[in-house]
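A.B. asks: Got a sequence here, can you build the structure:
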Amino acid sequence: MRTLRWLRELDSRCPTVGTRGLSILALLGLWWFVALFFQPLVFPGPWPVLLETVHIVRNERFVFHLSRTLFRVVGAFIVSLLLASIVGILMGVDETAERFFETFVLVGLTIPALAVSIIVLLVMGFNEVAGIVAIVIVITPPMTENVWEGTKNLDAELIKMGQVFGANARMMLSEVVLPQLAPYLLAATRFGLGIGWKIAVIVEWIGLGNGIGQQLRDSFDLFSLTGVMAWTLSFILVMAGIEFLIVKRVEARLTRWQTDDMSHPSLLQN
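C.D. replies: Numbers count the residues shown, from 1 in each chain. Model prediction:
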């Protein structure tokens, strides 16, 4: 209880650096502790992997391979977000569209990502477009499900109120619908980016010839677990940077109305 109370006090004083920093230290400590039971070649600890990561970033063609993976992930994510938004909203507001697209969503959620990657690459060839298409096929169904669920949970009273006050379609979309959908779109964004880079690694591993996945395969062929973990860590750091520097800032801006509403005196009184 004292530890939990201390963590809460730390989080209230410096929420970003304190608690998150402590969680990272705990993770590194757990990693270091597990590594004590293995030989370095079998399971390296944090320090050798960190040194190898620095070496990769400074001396390898890191920027080139990183850019190829990011291009595939971001390109596929943009396409998937557009498709998920259109289909998810249609499914949420129209029962016929819901029944029609539900089968596609369920099938997409069921098919293994590895099977999708192999099928797409064999059909379309080992090229850039095939890699992006494979990622789109895998991440679009769960993203669509998020938007679909969010649309079904829209507050009908707010929509009726907007119609009563004569709001046009553009105002309804920007002032009523999108603010309520924002948390679901952000959840879809996190899921799409998180799963997207995993699928990118799979298609690159199978045979695109470049990217983080190809470097992981090269390290695997050399039986270098340190190299595998270093390349993985490097991209995790990049994705964490995207999360905290871009996604969380967008989230704070899109959900600011919720904070403003909760801090409004009249609402607190009610």
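A.B. asks: what about K198, how many neighbours?
C.D. replies: K198 has 14 neighbouring residues, counting by other CB atoms under 10 Å. All C-beta spots, glycine's among them, are computed from the backbone N, C-alpha and C.
A.B. asks: Next one, pLDDT for it please.
C.D. replies: Predicted confidence (pLDDT) for K198: 91.
A.B. asks: any idea where the helices of the stretch 101-250 of the chain begin and end?
C.D. replies: Secondary structure of the stretch 101-250 of the chain (DSSP state H, counting those that start in this stretch): helices at 113-124, 128-152, 156-164, 169-171, 178-203, 212-221, 225-242, 248-254.
A.B. asks: which of those helices sits most buried?
C.D. replies: For the helices of the stretch 101-250 of the chain, the largest average neighbour count (mean count of other CB atoms under 10 Å) is found in helix 128-152, namely a mean of 22.
A.B. asks: From the contact counts, what lies against it?
C.D. replies: helix 62-93, helix 95-110, helix 113-124, helix 178-203 (3 or more CB pairs under 8 Å, 6 or more residues apart in numbering; DSSP states H and E).
A.B. asks: With distance to N210 as new columns, can those helices be given to me in JSON lines?
C.D. replies: Listed next are the helices and strands packed on helix 128-152 as JSON lines, based on distance: least, CB to CB, whole Å:
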{"stretch": "helix 62-93", "distance to N210": "5"}
{"stretch": "helix 95-110", "distance to N210": "27"}
{"stretch": "helix 113-124", "distance to N210": "14"}
{"stretch": "helix 178-203", "distance to N210": "11"}
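A.B. asks: And these: which comes nearest L233?
C.D. replies: Closest to L233 of the helices and strands packed on helix 128-152, according to CB to CB: helix 62-93, at 12.0 Å.
A.B. asks: quick one: M91 from F104, how far?
C.D. replies: Between M91 and F104 the computed distance is 10 Å (CB to CB, to the nearest Å).
A.B. asks: Which one's more surrounded, the two?
C.D. replies: M91 (25 against 14).
A.B. asks: rank the helices and strands packed on helix 128-152 by mean pLDDT and give me the bottom one.
C.D. replies: helix 178-203 (a mean of 89).
A.B. asks: name the helices or strands packed onto it?
C.D. replies: In terms of contacts (3+ CB pairs under 8 Å, 6+ apart), helix 178-203 is packed against helix 62-93, helix 113-124, helix 128-152, helix 212-221, helix 225-242, helix 248-254.
A.B. asks: still on that earlier bit, looking at the helices and strands packed on helix 128-152, which is closest to F223?
C.D. replies: Here helix 178-203 is closest among these (CB to CB), at 18.7 Å.
A.B. asks: tilt between that closest one and helix 113-124?
C.D. replies: Using axes from the mean of the first three to the mean of the last three CA atoms, to 10 degrees, the direction of helix 178-203 lies 70 degrees away from that of helix 113-124.
A.B. asks: how about I206, what does it touch?
C.D. replies: S117, I118, L121, F126 (CB atoms under 8 Å, 6 or more residues apart in numbering).
A.B. asks: rerun that using 10 Å as the cut-off
C.D. replies: L114, S117, I118, L121, L122, F126, G131, A134, G213, Q214, R217 (CB atoms under 10 Å, 6 or more residues apart in numbering).
A.B. asks: ok, of those residues, which one's closest to V63?
C.D. replies: Closest approach to V63 among the contacts of I206 (CB to CB): Q214, at 14.6 Å.
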